[in-house]
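Engineer: Test case, fold it:
(chains A and B)
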Amino acid sequence: MKTFYTEDIKKSDRIGRLVENLYKKMPEIEADRAVLLTESYRETEGAPIILRRAKAFAHILENIPITIRDEELIVGSATQAPRGCQTFPEYSFEWLEAEFDTVETRAADPFYISEETKAALREVHQYWKGKTTSDLATSYMAPEALTAIEHNIFTTGNYFYNGIGHVTVDYGKVLKIGYSGIIEEAKAALAKLNFGDGDYAKRHHFLNAVIISCEAVIGYAKRYAKLADRMADGCQDFERKAELRRIAVNCERVPEFGARNFYEACQSFWFIQMLLQIESSGHSISPGRFDQYMNPYFEKDLKEGAITREFAQELMDCIWVKLNDLNKCRDAASAEGFAGYSLFQNLIAGGQDRYGLDATNDVSFMCINATMHVFLPAPSFSVRVWNGSPHEFLIRAAALTRTGIGLPAYYNDEVIIPALLSRGVSLADARDYNIIGCVEPQAPAKTDGWHDAAFFNMCRPLELVFTRGKDAGEQIGPDTGEFKNMKTFDDFYNAYKTQMNYFIELLVNSDNAIDQAHADRCPLPFQSCMVEDCIGRGKSMQEGGAIYNFTGPQGFGIANMADALYVIKTLVYEQKKYTLCDFADALENNYGKDMEIHYAEKVTKNVVADLTASGKTLSRDDVAAIFEAVSKNPCSDAQKEKYDRMLADIEAVPKFGNDLDEVDAFARDVAYTYTRPMEKYKNPRGGQYQAGLYPVSANVPLGAQTGATPDGRLARTPVADGVSPAAGRDVNGPTAAANSVAKLDHYIASNGTLFNMKFHPTALAGTHGLENFVSLVRGYFDQKGSHIQFNVVSRETLRDAQAHPENYKSLVVRVAGYSALFTTLSRSLQNDIIARTEQGGF
Amino acid sequence: MSENRDYMKTKGRIFDIQRFSVHDGPGIRTIVFLKGCALRCKWCCNPESQSYEIQQMTLAGETKTVGRDVTVEEVMRSIRGDLPYYRRSGGGVTLSGGEALCQPDFASALLRACKNIGVDTAMESTGFADYEVIKRYLPYLDHYLMDIKHMDSKKHEAFTGRPNEKILENAGRIARDSHHLIIRTPVIPTFNDTPEEIGAIADFARSLPGVSEMHILPYHKMGTDKYKGLGREYLLPHLEPPSKEHMQMLLEVVRSKGLYAQIGG
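Structural biologist: Numbers count the residues shown, from 1 in each chain, chains lettered A, B, ... in the order given. Modelled structure (predicted):
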């Protein structure tokens, strides 16, 4: 029986100060990378693209300003300013230039940008006109796909505007052999090329690009070694001086060569992680199984007495801080969909090894400690759970959940391993899986998964059934015919499927266009050299160099569509209480309700802006009148009464999320309308499409693009998140909701599913609270759920629950030896619980 | 065969099923609240449970019906859904109320149905019934959580509407005949919150064969709004919950009698 060091290890004072320094100022946009990139591109005009990419990367690393922040033990920063970001004009830039003057003041994820930076970027953007991946992708897309995007059926904006990211490279290999070892591999592969090979030129250029990139990285680390030495020379503080000398020694050694100890392994890890995000702009570059590739160095040092647990923990804590130093500026709309400056650097601990044995180790526990110590959003910390997971590990993870940070996310080996096997991943590789970004499983260091390839709004095709494929007067989808011809529910359901299939194919068209554009314009030699089998095949990941290739677009709104279709089936075809015409009319009139307030404000703002631009001056009263006209529903009282009766009938129909077999089986089938058609498509890298069912935080902004739905959801309000039941509709408690979700097919959604559950911290109080919590996770996973995460809610949420109890019907709180649904408690007791949370007591 | 399954059709009256409860028995539990009670405890936090009749209760401006008639089979549907969580946590089903002893046909059939599929069972009960009735439950009950509220019969009657002789007598028999008996005492200021009163209950509990565990449950005001919602007057409006320190002191009193003791269920 393996035993673990389960105690918390004391947090060093340094960590608090590092965090404080990181968050002193608003993050800033810097121009250095864009300027250096463009300088290099101007020099290499006409050369093969892969070499241009390598030379540009090298030019950046030779010249970009470097900095060692106060008290850092792990060094390497992508920007001068803490939490700053570089820009990546080779992917897209127009949005940034258009938002130069608003990016600092926007609500979601603002960034400071200086006038000098604006000027420098404006200059380089001149060069990039017509040369970006997004320009090329647009030219590759079918016009119908562009139309569907314009009408918000789906968005492929993530990779249209940005790099791909979404990868876990072979950290363990670099830690072991260093980039000098990879250069050796590339040279050996070069030596094996035959002059007569048909793809000689392509391979030759790629391998040389790898060598150039790796040499650049080695040189970049040595710049840090020199800087550290220089700083040590001038340092009066004896202790800091010694630290800087050690940093210099580390950077001289790694990542050029293999790490000799845990500290060097930490530093080497950081260079890999940070430099991947200088090469390209993709997010979700995920460290993966950190506990697996770091533990050998930790164990060896500990055994030899070369390190204390406290110092090892401090180094890991420093890495956790550094993961929050990386940042990314997105366009305003995307910033809402990915709110919280998140880069989704997923780091996972625990689970099985390649042989099917439990792989949990002391570093797994230290990952939990680090997350508690640093208490910041990055990394996106996850744990793997299987039947053989050590109980004490899950109890520690539960203690982290209880802090309310929303971490870790829990993943089920018992679902994910077979799901990957069904996609052609080998057993050993499947057992070795990690998570990319939010919830996407894959075999590390061998996969180009293109996870997060799109958001597909499953509600919009249903709207089009009611409008016969027309949106805003334009025919954008197939005409699925008149209602009166839909004699059975299957006729109606088939019309929905026809709309779905049509737009799924367009989504594939759009993603493949973008995929090809990345291969043509932004192949990534540095990232590729750490993913098998790019060196062997002599081509980049973007051209199909990885062993496993997928494209994973997300569907969302499943709970709404399950409920909506079930309502139609029940009220129209079984009870015959309403006709499809009644529904079409109610949806068009938003059930007689006023426009959602945030949306009404936005529309008002646009109208006011248009009028002001055309030279009108508007008084406060004018604006108020416009708002009134925009938001108020013009329906008559009689109509409104009719709609209210209809809403009551809709409410009475059973809903997904309550452990009702018939409804849940129906939801499972509705999910197939998205996941099954997806499976048959292929991407340009030769890989398969695989659906995911999760929306990140896009269910709110994309809900704002969606009209009313037959489940009683009002226009412009959020749609259900992930595979979770629609807000407020699961009323039988957390186990019933979990059971419903578990009844979906999580295997076919092999790009990941996301289930959010809300708890109050008191529901997890005491040792019994932790044990029961672990049992809840285990019970859900026994039923083959794939992922679960817990939103242990704050007092703000509780206040919101008071204001909008309809959205929080399933929120569990624990009160003085008593569990209850929050919304069922009296106002005074609710206030009491809120007050207690403010004191931080359970 | 079908004859044997008839008990599944037994009807009863409940007012709630609470899933994922982590009290009133080990592990993750499903609590079935039965309607109707023989006692009228002045502090009762579930006043809607007392009458067997189906009632209207208005809370936060919303009027809802309290009480519905169900069959054992219907309740088992919710219970089966939680099997995976019982298995992982060692949890099960707890009958609460009201007083489950008031509906012997339904409650014993429900317990039987639980044991039939291997579910751990518990019952929160005052023990106020003829022992012949209680005996019907015991073969299907793993944990009997029995309230002893006061050793003085007069005071007991003044606060609960019933004397305690029958309850104390039943406690002795239940201790003898049941698998596992835990004594529980709600700590109500002005009624039973002195060390002497709690100590006397602990002495009694200790005297019961096989009993080794006692829970003391601090009074809380959770139910206050419900009285208004039912159009009733709350008889203990000025009562404040006992302090943490006071509960701790009482805990020590129970411990000193040689019992395992805990605060809360």
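Engineer: what about B:Lys166, distance to chain A?
Structural biologist: Look at B:Lys166 and chain A: by CB to the nearest CB, to the nearest Å, they are 28 Å apart. C-beta: built from backbone N, CA, C; applies to glycine.
Engineer: Tell me how many other residues surround residue 54.
Structural biologist: You didn't say which chain, so I picked chain A. By the criterion of other CB atoms under 10 Å in any protein chain shown, A:Ala54 has 30 neighbours.
Engineer: wrong one, chain B
Structural biologist: By other CB under 10 Å, the residues close to B:Ile54 number 13.
Engineer: That one against B:Gly67, yeah?
Structural biologist: Yes - using CB atoms under 8 Å as the test, B:Ile54 is close enough to B:Gly67 to be in contact (3.8 Å).
Engineer: what touches both of those two?
Structural biologist: Common contact partners of B:Ile54 and B:Gly67 (CB atoms under 8 Å, 6 or more residues apart in numbering or on different chains): B:Arg13, B:Lys35.
Engineer: my guess is A:Ala145 meets A:Leu506, correct?
Structural biologist: Yes - here A:Ala145 lies in contact with A:Leu506, judged by CB under 8 Å, at a distance of 4.3 Å.
Engineer: check contacts around the nearest residue to B:Glu73 once chain neighbours are set aside.
Structural biologist: Using CB to CB, 6 or more residues apart in numbering or on different chains and skipping the chain neighbours, the partner closest in space to B:Glu73 is B:Met8 (4.5 Å). Contacts of B:Met8 were listed using CB under 8 Å, 6+ apart, and they are B:Thr71, B:Val72, B:Glu73, B:Met76, B:Ala109, B:Ala113.
Engineer: Tell me which entries of these lie within helices.
Structural biologist: B:Val72, B:Glu73, B:Met76, B:Ala109, B:Ala113 (DSSP state H).
Engineer: could you redo these as JSON lines and give each row neighbour count?
Structural biologist: Formatted as JSON lines, the entries for the ones in helices among the contacts of B:Met8 read as follows, by neighbours: other CB atoms under 10 Å in any protein chain shown:
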{"residue": "B:Val72", "neighbour count": "25"}
{"residue": "B:Glu73", "neighbour count": "15"}
{"residue": "B:Met76", "neighbour count": "19"}
{"residue": "B:Ala109", "neighbour count": "24"}
{"residue": "B:Ala113", "neighbour count": "23"}
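Engineer: tell me which of those is nearest to chain A?
Structural biologist: Compare each of the ones in helices among the contacts of B:Met8 with chain A using CB to the nearest CB and the shortest gap goes to B:Met76, at 12.9 Å.
Engineer: That closest one reaches B:Leu111, doesn't it?
Structural biologist: No - with contacts counted by CB under 8 Å, B:Met76 stays clear of B:Leu111, the gap being 11.2 Å.
Engineer: element containing the residue of the stretch 101-250 of chain B found nearest chain A?
Structural biologist: Nearest residue of the stretch 101-250 of chain B to chain A (CB to the nearest CB) works out as B:Asp225 at 4.0 Å. For B:Asp225, the element it lies in under DSSP states H and E is helix B:224-229.
Engineer: Output the below-cut-off pLDDT ranges for the chain.
Structural biologist: As the question left the chain open, I've gone with chain A. For chain A, applying pLDDT under 70 flags the ranges A:337-340, A:695-697, A:760, A:762, A:809-810, A:812-821, A:824-829, A:832-833, A:835-842.
Engineer: oops, chain B please
Structural biologist: For chain B, the stretches with pLDDT under 70 are B:1-4.
Engineer: one more time with 80
Structural biologist: By pLDDT under 80, the low-scoring segments of chain B are B:1-5, B:22-23, B:60, B:222, B:265.
Engineer: bridging residues for the residue nearest the centre of it?
Structural biologist: The central residue of chain B, meaning the one whose C-alpha is nearest the mean C-alpha position (CA atoms, centre = their mean), is B:Glu124 at 2.5 Å. Assessed by DSSP bridges, B:Glu124 has beta-bridge partners B:Leu145.
Engineer: What residues does chain B have near chain A?
Structural biologist: Chain B has residues B:18-23, B:27-28, B:59-60, B:78, B:81-82, B:84-85, B:87-89, B:91, B:217-218, B:220-222, B:224-225, B:241, B:263-265 near chain A, with proximity defined as CB under 8 Å from any CB of the partner chain.
Engineer: which residues sit in contact with the residue of the stretch 151-300 of chain A found nearest chain B?
Structural biologist: Of the residues in the stretch 151-300 of chain A, the one nearest chain B is A:Asp291, at a distance of 24.6 Å by CB to the nearest CB. When the contact criterion is CB under 8 Å, 6+ apart, the partners of A:Asp291 are A:Ala349, A:Gly350, A:Ala359, A:Thr360, A:Asn361, A:Val363, A:Ser364, A:Met366, A:Cys367.
Engineer: for B:Gln50, same thing?
Structural biologist: Contacts here follow CB under 8 Å, 6+ apart; on that basis B:Gln50 touches B:Gly36, B:Cys37, B:Arg40, B:Cys44, B:Gly98.
Engineer: The third one falls within a strand, correct?
Structural biologist: No - going by DSSP: H, G, I helix; E, B strand; the rest coil, the assignment for B:Arg40 is coil, not a strand.
Engineer: That one and B:Ala158 touch, don't they?
Structural biologist: No - contact criterion CB under 8 Å: B:Arg40 and B:Ala158 do not qualify, at 11.0 Å.
Engineer: thinking again about what came up before, tell me which helix or strand the residue of the stretch 151-300 of chain A closest to chain B sits in.
Structural biologist: helix A:290-303.
Engineer: can you list contacts of the following helix or strand past that helix?
Structural biologist: On the C-terminal side of helix A:290-303, the nearest following helix or strand under DSSP H and E is helix A:309-323. Around helix A:309-323, the neighbours that count as contacts under CB under 8 Å, 6+ apart are A:5, A:9-12, A:14-15, A:18-19, A:22, A:72-74, A:76, A:262-263, A:266, A:269-270, A:273-274, A:287, A:298, A:301-302, A:343, A:345, A:347, A:363, A:366-367, A:369-371, A:373-374, A:376, A:378-379.
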